[in-house]
Each structure stands twice: as C-alpha cells, then as structure tokens.
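J.: Predicted model and sequence below, questions to follow.
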Amino acid sequence: MNRAIRTAALLSLLILFAGCSDDGGNGAPNPDGSTPDLSTTDGNKPTEGGTPDDGGKGDAGKACGFTVGDTLKGTVGDNKDFLVGGEKRTFIVQLVNVPQGYSKKLPVIFGYHGTGSYYNIPTKYYTPVSENRPFIYVAPKGSGPFEDPYDFNSDPSKSKDIKLFDDLIACLKAQFDVDTDHIHAFGFSWGGHWINYLLAHRGDVLASTAQLSSGMYNPSGSVYESLLQKFAHKPAQLVIWGGASDTYNGYSFDQNCKNTVTLFRKVGLFVLQCVHDSGHDITPPESLNKFIFEFFQDHPRGVSPDPYLSWPPPAPFTKGTYLSWPTWCKPAP
C-alpha cells in the first residue's frame, strides 16, 4: 500500500482509529464522500447484550438498541452505543435493495475491516457490487486498538467480537425473516484473519465466506485444523490475494494465503482461489467485486457437491451475468 493512500486515510476525520491504515481507503462514510444520513436514529437507550426487550416481537432494532438503515431510503444505520459486556460497540446495519413489502427470507452478509476505518468495507463493496439483490449488510468495528482490532481470545466465549456477532444475529432474527442458510462474512487483511477465527468457532452458522489478502492467524496450524474438523457443515471458501507482492510491513500474505488454502482443502472445505497481481489492496480487480456476492448466492449452508466443480452449475445455482469467473481464479486442488 502506498504512502499517499495511507496519508489520506490518516487525514480523514471519519477514521475511527489512530495510526496508519492498511485498508487502502479514506474512511468516507458514503461512496461520494458525503456525510451519511442518520435520520433512522430512534434515540432509544442501548440494551445490554443486545437482548430484545419486547420478547422478540416488533422492532427488534429499537428493542436491541440499534438502528437499521435502508439503501432505498438513503439512510445509514450507523450505531455507536450498542452495549456488549458493558462496552459500547460501533457498527453499521443496512437493508440493501429491500423493497417495501418484500416477503422472502433475507440473507445476512458481515463485512470486516482491516486496520483502519470500518467504513471502508461498506463503501467499497455493498453499494457498487450488490446489483439488485436484497440482503442485510452488517459492518462491525473491531473491539481492539488500531493495530490489533479483533479479540482472538483462546476461549471464544470471552471474545468481545464473537459476542457482538452472536448478539447482532439474534437481534436481526428477532426483527427480520433471516435466511439462516445464507449468513456470510468477508474481510480484508486483519478482517480476513478474523474471518478465519470466526470459521473456527462459528463454522456451523456461516454458510460461506470470502477473505481478501489475509489467511489464518490465530488459531493456526494443527489447532485450527482440529477446530474446523468438528463441523459437519463445510463452509465454502473464496480466498483472494494479490500474489507475491501481497505483503505489508514485511509480512507475506501471499504465503499465509497459500498455507490457509492447503489447510482448508485438508479438512474438506471447497476453495475457489483467486490470485491477482495488485498486491495488498482492499479492492481486487473490478472483474471480481460482484463475483463475491455471486459466490455467496451460490453457496448456502450444506451445499454439496460444490456447484463450481462442474460447468454450467446445476440448478438451483446461478451465476447471474457471470458466464465464467476471472481467468486468475480456479478451484484449489
């Protein structure tokens, strides 16, 4: 990542951390750089632990103490006072492309940031790449400091970010008709490290995931392998990285991604690996952005055999406008 991008990130008033950024963005909350419309704010006091106080009925967003934005109304569900374990947590929740009266189950997609403003995840992905698919988008800010944003606790029951993940899903289920076969997550850099931790401890919840320029971090190796093997469901994996130049502060994400793919295949996870040549960058080549969402659509919980091992994929799988994935993507052997 070049110095100019890092400097721009530091100067942004909307950056929520201190220090340098590896997420390649400027932290602006809207793609056009404008200030988000927070008119959905309901003013309710936050509820400890995110537990709905209406018995799971009615507006669980309000009952749980968070607001839900709506892309069709131009509102941003920007939350900063959601209590988890007595601590205020920050995140965005948005309905994306959900028309009024929509009656089908809604997929949920979590987006996790690298070391930098969590706003970069929604602005660089959900609006440009979602096409017209309705889903719920959640972009949490990690619980830790800038250089170590997530809580990789060896006891997942004590992890602040696992707790937030669980509470947000519980609240969304109380308010919306959530498609539990389509709960997905993607992350860049540290956010991708977090995806791997989440897989180890919530692999029964996640349908499929995508990680960009990251790989396993903590746990790793044989410990990580044993954790993944305990789940009957095998979440499909989209692993994307920037080739040999994918490094940051001397750390080789290239090698870590290769090691992670090897381990995933060892425990029986399907992996589509995409190796581009743009290095450590939150935005892979344009041809791949929409494909992340196609991958999630094609990989609900329990999909077997993987639809991408034959072509064209059998019904009910669809690749929409994609007749093929980029030439630099292929199923891992």
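T.: Arrived safely, thanks for sending. Here the structure is a predicted model, which means the values were calculated and not measured. Numbers count the residues shown, from 1 in each chain.
J.: Hmm, Ser214 and Gly192 touching each other?
T.: Yes. With contact defined as C-beta atoms under 8 Å, Gly192 counts as touching Ser214 (2.3 Å). The C-beta positions use only the backbone N, C-alpha and C, and glycine is treated the same way.
J.: What residues of stretch 77-90 count as buried?
T.: Going by neighbour count (16 or more other C-beta atoms under 10 Å), the buried part of stretch 77-90 is 77-79, 82-84, 89-90.
J.: export that stretch as CSV, just CAs?
T.: The C-alpha coordinates for stretch 77-90 follow below in CSV (Å, rounded to 0.1, in the frame of the first residue of the first chain):
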residue,chain,number,x,y,z
GLY,A,77,-27.8,2.5,10.3
ASP,A,78,-24.8,4.0,11.9
ASN,A,79,-24.6,2.7,15.5
LYS,A,80,-22.1,3.7,18.2
ASP,A,81,-23.9,2.8,21.5
PHE,A,82,-24.7,-0.8,21.4
LEU,A,83,-23.7,-2.4,24.7
VAL,A,84,-21.9,-5.7,24.8
GLY,A,85,-20.5,-6.7,28.1
GLY,A,86,-20.9,-3.2,29.3
GLU,A,87,-18.9,-1.7,26.5
LYS,A,88,-20.3,0.4,23.6
ARG,A,89,-19.8,-1.1,20.2
THR,A,90,-19.9,0.5,16.8
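J.: what secondary structure does the residue positioned nearest the centre of the chain sit in?
T.: For the chain, the residue whose C-alpha lies nearest the mean C-alpha position (C-alpha atoms, centre = their mean) is Gly111; its distance is 2.4 Å. Three-state assignment for Gly111 (DSSP: H, G, I helix; E, B strand; the rest coil): strand.
J.: so it sits right up against His184, yeah?
T.: No. Using C-beta under 8 Å, Gly111 is not in contact with His184, being 9.6 Å away.
J.: Do me a favour and get the end-to-end distance for stretch 272-290?
T.: With C-alpha to C-alpha, to the nearest Å as the measure, stretch 272-290 spans 15 Å from end to end.
J.: With stretch 225-233 instead?
T.: 14 Å.
J.: Could you pull up the mean pLDDT of that stretch?
T.: The pLDDT scores in stretch 225-233 average 92.
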